[in-house]
Structures are given as structure tokens and as C-alpha cells.
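> Here is the input, now give the coordinates:
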Amino acid sequence: MLATGPGQTAGPVPQGVNRPGRIGGWCYDHRRIVLAAWIIGLLAMFGAASGLGPHFKDNFGGVGQAQQVQDILHEQFPSRSGDSARVVFHSSASIDAATDRITEALNGIRPLPTVVSVSPPVRADDGRTAFATIQFDAVSADLAKPDVQRVIDTARSYARPDLDVALGGQPISVAVKPKPGPSEAIGIGAAVLIMLVAFGSVVAMGLPILVALVGVGVGYAVVALVSHLLTEPSFGPALMAMIGLGVGIDYALFIVTRYRQALTDGLDPREALIHAMSTAGRAVLFAGTTVLISLCGLFLVGQQFLDGLAAGTILAVLTVLAATVTLLPALLGFAGPTIDRWHVPRPLRSATIGAERGPWSRWSRVVQQRPVLCGSAALFALLVLAVPTVAMRLAFSDSGNDPAGLTTRQAYDLLSDAYGPGFNGPLVLAAELPGGTTDHAVLTGFEQRLTTVPGVARVAAPLYNASGDAAVLTVYPTSDPQSADTAALVERLRNSVVPQATTGTDVRILVGGQTAAGIDESAHLGTRLPWVIGLVILLSFVLLMAAFRSIAIPLKAAAMNLLSIGAAYGAIVAVYQWGWLSAIFGVTRTGPIDPWIPLMMFTITFGLSMDYEVFLLSRIQEEWRRRQDNSAAVTHGIAATGRIITAAAAIMVCVFGSFVIGDPLRTLNVFGLGLAVAILVDATVVRMILVPAIMQLLGPANWWLPRWLDRITPRLAIETDDAQLR
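Next comes the predicted model:
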């Protein structure tokens, strides 16, 4: 046996200890083996990931008419089946003076790999701007980034002080990404400060950070490997790091807190570790399971990129959980009774966590004495925060939201100023003409009709295939790609203009293109959101009912979590769609909410919110079983977990909030703010006001479960009572 500390050896696990306690005891006794295994595993995973290299693809799939248009282009117009980009030239004087240089630039681009053709430049009415269209041989997700980057570098090499050159379009957006910000570093720095204040010890603070970093490190390698099997977007690693850091620090924090409590109660380090793993460790596994169940809801959507995001995040959370239940006990074995070594000045550790006379106990009594007043005020506040949710508009944001220094944003602004914002998102219309040239007159009439449709700025002449039985038209809207007016134009064309033009003929016209594809995808994701919400709530309800033997508790948990996510949705709509507090959050341009964000936000927020619900209710249930006094149990649960839940939530808020101020990607800004608000609201208004108020009003009914349902529901205990561990 390995030594467990000065004068200690590995011993048997106390009777009544559950499986997490047994695993923790084994890892404590064999900590050198466990530590070595994690080091070897970490190196092996990084080696495999580095050897294969990541294979991230921003392929958001295709549904509806837009996908049908893409299929027609692939079959009838192979040279147009790939995505296109635009190179924009702008002169401070006259663009005519740069004609030769523009010609040289376009001639330099034409022979490059993946480039099918380059159109002649189109001069704007302002006399200072021109653009040309670059047609690639594949869709953006299948283009090699080095090839696209070579196009960018070649074009920009012809810039000079009096001639600006910028490139835009989906292939460019995929290839050019802003450099990652210091989000993770900011979040970790904030977590260090919070845990120093909460623990008052450098060692106690460092262990959760170390475990989370190891879990996230392995998680990154896992996500990189998954990208070779599934469609994993380029922002997948950042999303994984956001979630992994948050849950990793939180889970380790709860176990270390319970371990320190056990030491204070007089247990030796090994017994304290087994006690912590049998109680908080079991709750961590249960809470992690709720996160995994929530993430599994994303598989209902039926989109490859969401499948990749879900799989990568699930594996990352599993890695973090594995590190928490194996590596952390091993590290605690090395720390032993020195967990409180290296105190910081004036720590808050003097207050015993869960003290019945502490501030959280007093706060709980205040709420329980006025449950109707406190509960009503909290409910009103949450409903007010959620009001903007009813105005949420789902659509993919365009390049106008990119950082000002990116070439995609520069091209967007130049095209908008010279040609109108609609030139950044042209609609591609594919026409099938079974009658061949006899149907061309129908298409000509349709083209003329298009020029009179409100919202259409310009219509390019149709391009026919060799057999004359298919054609493609390019329509430029007057509004930008993410505008509601553009979505309305697509709907008008599909539901009114096209049917009127083709009635009585065999001609079939479909509306597609990148902008229409985004609209179709948004509509598809919007219809799947209620199904995801319903499934996740149902599964979580069953899980909580089995754990707490109650109907009221899972119903309350579902309602409270929906209120939290509603407040988070309201916050992102108010800031990023309406522009409230835009100066504070650095919002340079308002826009819709990308449709995948509410889906991911719900699944992750629901899972993380259930963490706090589980940790709080498990302590309340423990006291209820001991005393059979509902009011005293609620007070004890709040007192025992209030401080640690607040610290854990503060860490989560800082980690998620760091992506708002430290990352240049708008999607991560929106996601980070939403999660930060959801966790802040959940750990304060919901967990510390609404939950005790409602549980006080319900009384013993909190723990009611019909006998027939109790008989058929499997029993799932979260924590083992302390009495069983002594």
C-alpha cells in the first residue's frame, strides 16, 4: 500500500459508503498511480490531437429551398455550385485611376487554386468603388483555408495608400477569424481571486483551478479529435473551454469545501476525503448527469454542426467529471491536512460554512417569515427581465458585426456605402425550365417583374445552362442580410411573386443563396427549440423525482430554471438586438440573435442551474430526513450551501462574463452574457429567494409523492447521510 500521509496507511472504506466514496478512497490510496495516469493520458491525447491536427468546419448545413437551390446549382451549373466572395476596391479619389492595378489584381487571383472564375469589375455610381466576384469550386466549409488565405493575400498585396482592397463573403468569413481574446485568462484570474476570498488558502484555491485546467486541456484534445468524425465549428473549442472551466471549478469547489468541513469536524484526511466524495462527490455526479442530459437535447435538432457541438461539449464535461472524481481525490491525498496552507491576509474562512447563526441562516429566516412578499417580488423581477424575450428575432448575424479591423467588415462597409447594404447578401434564384427555350419568355417576364418588387435593388441578367433547361438569377435586396426586411422579401418572393409568375406553366423557381439559407436555417432551429426544451424538462423531471421522491420539487425546479433562462434571453435581446447599454458591452451594431444560441443556452443553462438546485436540495433533504421539520430543513440547506453556491456562481459569472469583454467574436459575446445573466439570476433571485419562499409555503407537501408512483419510480439517492459515514 502507498502511504497516505505522515503516519497513515491505506485502510478499508467505512461501511455505508457509496461508490463515489469508494472511488475517492482508492484514488487517495493510489494517488501516485492516478496522477501518473492523468499525466500520461494528457500527453497522449495532446500528442494524438497534434498529430492529426484539428479539422474544424463552419458548415451550418442546409434546409428548405436554399438547399434545393444548392442541389440544382451543383447538378446544372457545376461552376456555380461553390460559394462566391467579393473583392472590393476603393479609392479616395477616382477609381478610374486605379483601373490598371485592379486588372492586375484580378489577373493575379484567377489562376489560384480553388478559384473557378473572377468577374469583370463593377463600378459604383460614386466613382470611387468597384467590386468583382470570385467564384470558388466548393462551398465554404469544404475549401482549404490556406487556399482562401492565398486569395486574400494576393488581392491585398495590390493595395496602396490611395487604393483600399478588402474581401468579403462566406469563404472569406470562414478563413479569416479574429484572434482569440484573453477570455480564459480573465475568467481564471477572477476565479482565483474569488476562491482566495472564499477559502483564504492558496492550496485550497489552487486545487479546483488545477483540476479544471487539466479537464479542459484533455477536453480540447477530445474536441480536436471529434472534429475528424463530426462537423465541429471553429468556435467549438472556445465554447468547450467556457463550459469546462465553469463546471470544472464548480464541481471541484463543492468537493474541496466538504473535505475541509470534514477536517474541521475532526476526521482524518482519508476519512474526510471519503466523506466528501460520498456526499458532495455523489451530488457532483448527479449534477453532471443533468448537464449531460440537457446537452443530449441538441441531438433532436438534426443539424450536423449542433451534433458536433453537443458531442464535443458532452465529452469535455465527461472529462471534467472524470478529473473531479479521480484526479482531485489524488491531489487531496498529497495535500492531506495542509489544505489550508498559505493563508491570505484577513480571509473569510473564519465563518463556518453552514453555521446556523450565520448570515445565510438569518437571510433564509427573513425570506421564510415573509414568503408571499419575497416570492412575489422575486417573481416580478424575473418576469420583467424576461419581457424582451417576446421580441427575440432569430437570424444569423452578418459580417457587419465583425470587428472593424477584419477585411470582411471593411468589405461589408465599402459595399454598403457604394451599392447599398443588400449587395452583401444577394439572393440566388434557380429556375428549372422543362420546356427549354420555350420557357425563357416566362423567365424574362419574371425578371422584369422582380425589378418592381419592393425591397429589390437590382436584378442581374439570368444565366442559362448549356441545354437551356435551367437558369440562375442573382437578386440584390435593398436591405442588409440580417435585416427583417430581407427575410420579409424572401417570404414575399416565395409565397407571392414566384407563384404568380409560374402559375399555369411547368417552370419551377426556387429562392436560395447564403442569405436565404440563413433564413431557412433560422426557421428550422426555431421550430425545434420547443421540442428540445420539452424533452430536457421531461427527463430532468423524472431524474429529480427519482432522487428527491417528490412531485413538487421537480415541478418547481423546471419552472425556476425556465424563469432563469427567460431572464437570460431577455438580457441578450435588450443588449445585442435592441442596443441597450451598448457602450458598456461594446456593441457597435445591433442585430438578431443567431438561432443556435438560444438552443445551446437553454441546454447548458438548464444543466448548470440544476447543479445549484441539486446541491441546495440535497442538503435540505438531508435535514428533512433527520428532523422531519420543513422550515428547519430549508433554513439549514440555505445556511449550509448559501456561501459556497454564491462563490461558485460568482466564478461561473466571471468565466462566462469574460467572454463578453475578452473575446472579439459576437456569437461568443452573446453566449457569454446570456450564461452569465442566467447563472447570476439563478444563484441569487431564484435559489436564495424564490426557492425558500416556495418551499416554505408548500411545507411538507414538498416531499409528497403518490404511493403508486413511489412504487414504480426507481430510487436514486444523491447524498449518503452523515450518520452512515461516521
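> CA only for contacts and neighbour counts going forward, please
Will do.
> ok, and what's touching stretch 683-695?
364, 367-368, 370-372, 374-375, 378-379, 560, 564, 612-613, 630, 634, 638, 642, 645-646, 649, 702 (C-alpha atoms under 8 Å, 6 or more residues apart in numbering).
> Show me how to select, in PyMOL, the buried members of the residues you listed.
In PyMOL, a selection of the buried entries from those looks like this (16 or more other C-alpha atoms under 10 Å):
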select buried, resi 364+367+368+371+372+374+375+378+379+560+564+612+613+630+634+638+642+645+646+649+702
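> Show me the contacts of stretch 683-695 that map onto helices.
Counting by DSSP state H, the contacts of stretch 683-695 place 364, 367-368, 371-372, 374-375, 378-379, 560, 564, 612-613, 630, 634, 638, 642, 645-646, 649 in helices.
> just for the protein, where's the confidence low?
Within the chain, the ranges that satisfy pLDDT under 70 run 1-17, 58-62, 178-184, 198-199, 342-357, 662-663, 717-726.
> L493: what's it in contact with?
With C-alpha under 8 Å, 6+ apart, L493 has these contacts: V511.
> repeat that with 6 Å
By C-alpha atoms under 6 Å, 6 or more residues apart in numbering, the contact list for L493 is empty.
> tell me, what residue is most central in the chain?
In the chain, the centroid-proximal residue (C-alpha atoms, centre = their mean) is M600; its distance is 5.0 Å.
> Surely that residue is in a strand?
No - checked against DSSP: H, G, I helix; E, B strand; the rest coil, M600 lies outside a strand; its state is helix.
> Name the residues of the helix ranked longest in the chain that are buried.
Longest helix in the chain, counting residues (DSSP H): helix 514-548. In terms of neighbour count (16+ other C-alpha under 10 Å), helix 514-548 has its buried residues at 514-526, 529, 532-533, 535-537, 540-541, 543-548.
> re earlier: please report how far the residue nearest to the centre of the chain lies from R150.
34 Å (C-alpha to C-alpha, to the nearest Å).
> For the stretch 101-250 of the chain, which segments are assigned as helices?
Secondary structure of the stretch 101-250 of the chain (DSSP state H, counting those that start in this stretch): helices located at 145-156, 170-175, 183-199, 202-226, 236-264.
> Check which helices and strands the first one sits against.
The criterion is 3 or more C-alpha pairs under 6 Å, 6 or more residues apart in numbering; DSSP states H and E, and there are no helices or strands that helix 145-156 contacts.
> which residues sit against that helix?
Residues contacting helix 145-156 (C-alpha under 6 Å, 6+ apart): 105, 165, 175.
> Name the residues of that helix that come out as buried.
Quick answer for helix 145-156 (16+ other C-alpha under 10 Å): 145, 148, 151-152, 154-156.
> same deal with the fourth one?
Taking 16+ other C-alpha under 10 Å as the basis for neighbour counts, the residues of helix 202-226 that come out buried are 202-226.
> Check what contacts that helix and list those residues.
Here helix 202-226 makes contact (C-alpha under 6 Å, 6+ apart) with 42, 45-46, 49, 54, 195-196, 244-245, 248-249, 252-253, 312, 316, 319-320, 323, 339, 342.
> tilt between it and helix 236-264?
Orientation of helix 202-226 against helix 236-264 (axes from the mean of the first three to the mean of the last three C-alpha atoms, to 10 degrees) gives an angle of 150 degrees.
> now swap in the third one and tell me
Here the directions of helix 183-199 and helix 236-264 differ by 10 degrees (the same axes, to 10 degrees).
> F46: what's it in contact with?
A221.
> Could you measure from A430 over to Y259?
According to C-alpha to C-alpha, A430 stands 66 Å off from Y259.
> just F89 next, same as before
As for F89, its distance to Y259 is 65 Å (criterion: C-alpha to C-alpha).
> same thing with L463?
For L463 relative to Y259 (C-alpha to C-alpha), the value is 72 Å.
> So which of those two has more stuff around it?
In this view L463 and Y259 are compared by other C-alpha atoms under 10 Å, and Y259 has more residues nearby, 28 against 15.
> Quick check: that one touching A276?
Yes - using C-alpha atoms under 6 Å, Y259 is in contact with A276, at 5.0 Å.
> isn't S140 right up against P171?
Yes - with contact defined as C-alpha under 6 Å, S140 counts as touching P171 (4.6 Å).
> who has more neighbours, those two?
Between S140 and P171, P171 has the larger neighbour count (other C-alpha under 10 Å), namely 28 against 24.
> Name all residues that make contact with that one.
S140.
> Do me a favour and get the end-to-end distance for stretch 681-689?
End-to-end distance of stretch 681-689 (C-alpha to C-alpha): 10 Å.
> buried stuff in that stretch?
Quick answer for stretch 681-689 (16+ other C-alpha under 10 Å): 681-689.
> roughly how far is that stretch from the heart of the chain?
22 Å (C-alpha atoms, centre = their mean, to the nearest Å).
> Walking through this structure, point out its strands one by one.
With DSSP state E as the criterion, the chain has strands at 3-5, 8-9, 84-91, 115-118, 122-123, 129-136, 163-168, 427-432, 456-459, 463-464, 470-477, 508-512.
> Let me have these in a markdown table, extended by distance to G25.
Output for the strands of the chain, formatted as a markdown table (distance: least, C-alpha to C-alpha, whole Å):
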| stretch | distance to G25 |
| --- | --- |
| strand 3-5 | 10 |
| strand 8-9 | 12 |
| strand 84-91 | 60 |
| strand 115-118 | 61 |
| strand 122-123 | 73 |
| strand 129-136 | 59 |
| strand 163-168 | 58 |
| strand 427-432 | 63 |
| strand 456-459 | 70 |
| strand 463-464 | 73 |
| strand 470-477 | 66 |
| strand 508-512 | 60 |
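> Could you dump the buried residues of stretch 681-689 into TSV with distance to T437 added?
Output for the buried residues of stretch 681-689, formatted as TSV (distance: C-alpha to C-alpha, whole Å):
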residue	distance to T437
V681	64
D682	64
A683	68
T684	69
V685	68
V686	67
R687	70
M688	73
I689	72
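> Of those residues, which belong to helices?
Assignment to helices by DSSP H places the following of these there: V681.
> Just give me the closest of the buried residues of stretch 681-689 to W38.
The nearest member of these to W38, counting by C-alpha to C-alpha, is A683 at 32.7 Å.
> Distance of the closest one relative to W360?
Separation of A683 from W360 (C-alpha to C-alpha) stands at 13 Å.
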